[in-house]
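Q: Pasting the sequence and the predicted coordinates here, then a few questions.
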Amino acid sequence: METLERLLLGHKFLAGIDPAFGRLLVGCARNLRFAPGQYLFREGGPADEFYLIREGRVALELHAPARPPIIIATLGAGELVGASWLVPPYRWGFDARATTDTRAFGLDATCLRAKCDADHHLGYEMMRRLLPVMVRRMQAARQQMLDVYGHTSA
Amino acid sequence: MQPTAPPDPQTAPPAEPVLLDRAGLQALLDALAARGFDVIGPTLRDGAIVYDRIARIEALPVGWTDRQDAGCYRLERRADAALFGYAVGPQSWKRFLHPPEELLWRARRTADGFAIEAEPPPPAPFAFIGVRACELHAIAIQDRVFLGGAHQDPGYAARRQGAFLVALNCGTAAGTCFCASMGTGPRAEAGFDIALTELIDVDRHDFLAVAGSDAGAALLAVLPTRPAGPEAAAAAEAVVAHTAASMGRQLDTVGLKELLQANPEHPRWDEVAARCLACANCTMVCPTCFCTSVADHTDLTGTEAERVKRWDSCFTADFSYIHGGSVRASGKSRYRQWMTHKLAHWIDQFGTSGCVGCGRCIAWCPVGIDITAEAAAIRATPGKGPHGNA
Amino acid sequence: MSARLAPSPADPMRPAPWRVRAVRRETADVATLALEPLEGGVPGFAPGQFNMIYAFGIGEVPVSLSGDPADPTRFVHTVRAVGAASAAIVAAAPGSVLGLRGPFGSAWPVDAAEGHDLLIVAGGLGLAPLRPAIYQVLAASERFGRIAVLYGGRGPAELLFRDELAAWGARADVTVAITVDHADPSWHGHVGVVPALIEHVGFDPANTVALLCGPEVMLRFTATTLRAAGVAAGRIFLSMERNMKCAIGLCGHCQFGADFVCKDGPVLPYDRIAARLAVREI
């Protein structure tokens, strides 16, 4: 347990977090390993856990008929996977598939939501860390939409 | 009338001004032509005073003046027969030193690619008659643009180096003139070979002449001149002082560079853009605007090709085209580019303002946009942040 | 009428004839050309500089040098067919002759970056103007701290120099990360925008020099991300693109604030241009 706590708090997403919060978080955490091709979650499934990637790569995908899955973005070490666990009705909006051997922490969403509800300081701390990630992802997605490389010359 | 001294090219430039009468001025034109110069001066054409080849002083706009205001240029009769009794016409000397169209080179396809033909021999050097102080400054500014950097414009260099400049201290200011506030006139201070001041009243019609170079002094020395006494010198001073006091406009240049560079989002740009037709007249008549484009042509067989350089303008959509579209698509951005470059960025790039206060852009704007009024409007309500009203 | 083959050194507007020695098709509309002068030697160039390339009778376009600055035998250019002149250059067959003026413009501050961590960030065709800098850096990588090449493209089929990227990525002295906006089933790498790669590479923000080349939008977001990570604005360098006709600061087309991109740029430090990059249509 001590090792898990040390490793968890070493993750970039939780860098510098108050150790008291760290002890609360580790109670919701587990160590996970995904083989290439294995899904962390699938669209529409219950968003009952989210992931902090330790190593490897995860693709966020949408599937469509008669074509290969569309990869929206890939996520790597130090990043978190999944935001739908925060927003009712707690259902995943995409598929998440490991594209390489991937190791991650899984954080039980029900457990974490309950602790955040009980301790708003923890809840605020989590929001403070999650929101910038979400904003960065949204901005990146907007940039991707621009298709800027279609207009370059050099 | 007696010449002041026997012509002797070895003597030092006369420190003292001399007087030429009308015949003396004709002698000046003749002497320049005899020395192989292509003599260009003001003349009347198409309802305007333009610069063209002149041989006789009768070709000058004798007894004419110009009345100018925003969007307005009219020729009017003067009460006298002054030869240079106007301010400035639509053209400037850039028409000759930096011509509207210039063949850069011609090439032929060969068995081994292509070959560029030899340059034609240089044309006769220009002599310009009646260059105003603002125009001397404009020429000096284009000298810095075309000759002052790492790469020089060889065509401009050839035309400029041989040119002989006869300046004229202004005896009249137009309603659009603001050289006094730009520090560029109305007196010709430097950059000329000879400077003239026209002295005309009921008793006389003379030109007080001062040499500004050895070449100018040498030429004056062979002309029929007489000494200019203190009275003539004082009269010439009075002419320039009167002109300086009768400027139709003024531009406050204090802190103007910083003001414009800090206000790219000022609402005035939208306001002026609503009037601006993006016709590019201001850039064509501006004596310092230097932008050009190049066009590549071939003959029908594809064996001969040439590249032609032409005046271009930052007011056209194509000017800023990069693959995908124009960087400056809106009229607002183009007017802002022109005025901010002229009055602000120019100082960073070339050490002086790009404006000499000649007022041509004001007179020849079809909707009467006035660069002095636009600058004053931004000064009246400057923005606060680094991007002004951004 | 006597013909003169070499450009007059006094006239920087006269193109000199160069022969196309080799052509490599990079993508559907991009080719890399190796050029040798019909007479005279190959001038030296600094990474980041460009030449004006002339297709006889059609027109002239600015193209960055994309070859090794240590190779004294040829100029290498990577060109995308986007207009009449660039299409003619891309279609030029080995043995044909193009006109060339240059090299012009400012350079990547490769020497000044020695002793620093180095981030080379390219988008799309922007890898081509950075390749000479990569060659120079990799030839003396011991003089630098950590070196990373981050590259983003539209999709896998549009990526340039994939063989070389793989070779660089196999070296121990450089980190290579590639991302695409739109993946296809063949792609197993990153998907996303280039700035997102920055957090995956190790560098000391207080001691990092960054070289950026790509579409202006990508440059802006990458510079913003680097600033947020703590890299000094004066150590972030961007290669800008504007309309160019003369390439020597005389025609006015490439005006960008108080700079002419052709002679003051194309490589400009971010602290000098950051305010301008935020203004539309400047």
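A: Done, it's in.
Q: Which of the three states applies to residue 145?
A: Unless you meant another one, I'm taking chain A. In three-state terms, and counting by DSSP: H, G, I helix; E, B strand; the rest coil, A:M145 is helix.
Q: Hmm, no, I was thinking of chain C.
A: Quick answer, by three-state DSSP: C:G145 is coil.
Q: Next, count neighbours for it.
A: Residues within reach of C:G145, counting by other CB atoms under 10 Å in any protein chain shown, total 17. Placement of C-beta: from N, CA and C, glycine included.
Q: Just the closest residue of the stretch 51-200 of chain C to chain B, please.
A: Closest residue of the stretch 51-200 of chain C to chain B, CB to the nearest CB: C:V97 (2.8 Å).
Q: And the residue nearest the centre of chain A?
A: When CA atoms, centre = their mean is applied to chain A, the residue found nearest the centroid is A:V81 (1.6 Å).
Q: Chain neighbours aside, what residue packs nearest to the residue of the stretch 51-200 of chain C closest to chain B?
A: Closest residue to C:V97 apart from its sequence neighbours, by CB to CB, 6 or more residues apart in numbering or on different chains: B:G113 at 2.8 Å.
Q: related to what we said a few turns ago, quick one: the residue of the stretch 51-200 of chain C closest to chain B and A:E49, what's the gap?
A: 65 Å (CB to CB, to the nearest Å).
Q: likewise A:L62?
A: 20 Å.
Q: Have a look at these two and say which one is more surrounded.
A: A:E49 (23 against 12).
Q: so that one sits right up against A:D108, yeah?
A: Yes. Look at A:E49 against A:D108 with CB atoms under 8 Å: they come within range, at 5.7 Å.
Q: what about B:A55, how many residues close to it?
A: 12.
Q: Surely it and B:Q26 touch.
A: No. Taking contacts as CB under 8 Å, B:A55 lies outside contact range of B:Q26: 9.3 Å.
Q: Can you give me the pLDDT of the residue nearest to the centre of chain A?
A: pLDDT, A:V81: 96.
Q: Repeat that for C:G44.
A: 95.
Q: Could you do C:R280 as well?
A: Reading off the model, C:R280 has pLDDT 89.
Q: need the contact list for it.
A: B:S333 (CB atoms under 8 Å, 6 or more residues apart in numbering or on different chains).
Q: That one falls within a helix, correct?
A: No. The assignment for C:R280 by three-state DSSP gives coil, which leaves it out of any helix.
Q: for the stretch 101-250 of chain B, what spans make up the strands?
A: Assigned by DSSP state E, counting those that start in this stretch, the stretch 101-250 of chain B shows strands spanning B:101-110, B:113-117, B:126-131, B:164-169, B:194-201, B:204-211, B:226-227.
Q: again with chain A
A: A:29-34, A:39-41, A:49-55, A:57-62, A:70-76, A:80-81, A:95-98, A:102-108 (DSSP state E).
Q: coming back round to it: now the common contact residues for A:E49 and A:D108.
A: Shared contacts of A:E49 and A:D108, defined by CB under 8 Å, 6+ apart, are absent.
Q: my read: the residue nearest to C:V97 touches C:R19, true?
A: Yes. B:G113 is within contact range of C:R19, at 7.0 Å (criterion: CB under 8 Å).
Q: right, so of the strands of the stretch 101-250 of chain B, which gets closest to C:A133?
A: strand B:113-117 (30.9 Å; CB to CB).
Q: The closest one packs against which elements?
A: strand B:101-110, strand C:3-4, strand C:16-25, strand C:97-104 (3 or more CB pairs under 8 Å, 6 or more residues apart in numbering or on different chains; DSSP states H and E).
Q: that older thread, now list whatever residues contact both of B:G113 and C:R19.
A: Contact with both B:G113 and C:R19 is made by residues C:L38, C:S96, C:V97, according to CB under 8 Å, 6+ apart.
Q: Only the buried subset of those residues, as a PyMOL command please.
A: Buried residues among the shared contacts of B:G113 and C:R19 (16 or more other CB atoms under 10 Å in any protein chain shown), as a PyMOL selection:
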select buried, chain C and resi 96+97
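Q: between the shared contacts of B:G113 and C:R19, which is closest to B:R379?
A: Distances from B:R379 to the shared contacts of B:G113 and C:R19, taken by CB to CB, are shortest for C:V97, at 55.6 Å.
Q: what residues are up against that closest one?
A: Remark: with contacts taken as CB under 8 Å, 6+ apart, C:V97 is in contact with B:D112, B:G113, B:F114, C:P17, C:W18, C:R19, C:V20, C:L38, C:F56.
Q: Which helix or strand in chain A has the lowest average pLDDT?
A: Ranked by mean pLDDT, DSSP states H and E, the weakest helix or strand in chain A is helix A:2-9, scoring a mean of 87.
Q: mind listing what's buried in that helix?
A: A:E5, A:L7, A:L8, A:L9.
Q: again with stretch B:71-78
A: B:C72, B:Y73.
Q: count of neighbours near C:A232?
A: Quick note: C:A232 (other CB under 10 Å) scores 17 neighbours.
Q: Contact partners for it?
A: Neighbours of C:A232 in contact, by CB under 8 Å, 6+ apart: C:A206, C:D271.
Q: The one 4 residues further on now?
A: Residues near C:I236 by CB under 8 Å, 6+ apart: C:V209, C:A210, C:L212, C:A223, C:L226, C:R227, C:P269, C:Y270, C:D271.
Q: same thing with B:G212?
A: Going by CB under 8 Å, 6+ apart, B:G212 touches B:L165, B:A167, B:A188, B:A190, B:G191, B:F192, B:D193, B:I194, B:A195.
Q: Buried ones among those?
A: For those, buried by 16+ other CB under 10 Å: B:L165, B:A167, B:A188, B:G191, B:F192, B:D193, B:I194, B:A195.
Q: what's the most distant pair in these?
A: Pairwise distances across the buried ones among the contacts of B:G212 (CB to CB) peak at 11.6 Å, for the pair B:G191 and B:I194.
Q: Need the overlap of contacts for the two.
A: By CB under 8 Å, 6+ apart, the residues touching both B:G191 and B:I194 are B:L165, B:A167, B:G212.
Q: Quick check: chain neighbours aside, which residue is closest to the residue in the stretch 51-200 of chain C positioned nearest to chain A?
A: Using CB to the nearest CB, the single residue of the stretch 51-200 of chain C nearest to chain A is C:G124, 3.6 Å away. Distance criterion CB to CB, 6+ apart; nearest residue to C:G124, sequence neighbours excluded, is A:Y149 at 3.6 Å.
Q: Residues of the stretch 151-282 of chain C that sit close to chain A?
A: Contacts of the stretch 151-282 of chain C with chain A, taken as CB under 8 Å from any CB of the partner chain, map to C:152-154, C:158, C:179, C:181-185, C:187-193, C:195-196, C:199-200, C:213-215, C:217-218, C:221, C:239, C:241.
Q: What's the biggest helix in chain C, counting residues?
A: Criterion DSSP state H: the longest helix present in chain C is helix C:216-229.
Q: Parallel or antiparallel, which strands does the helix or strand just after that one pair with?
A: From helix C:216-229 onward toward the C-terminus, using DSSP states H and E, the following helix or strand is strand C:236-239. Paired with strand C:236-239 in the same sheet, following DSSP bridges, are strand C:208-213 (parallel), strand C:267-269 (antiparallel).
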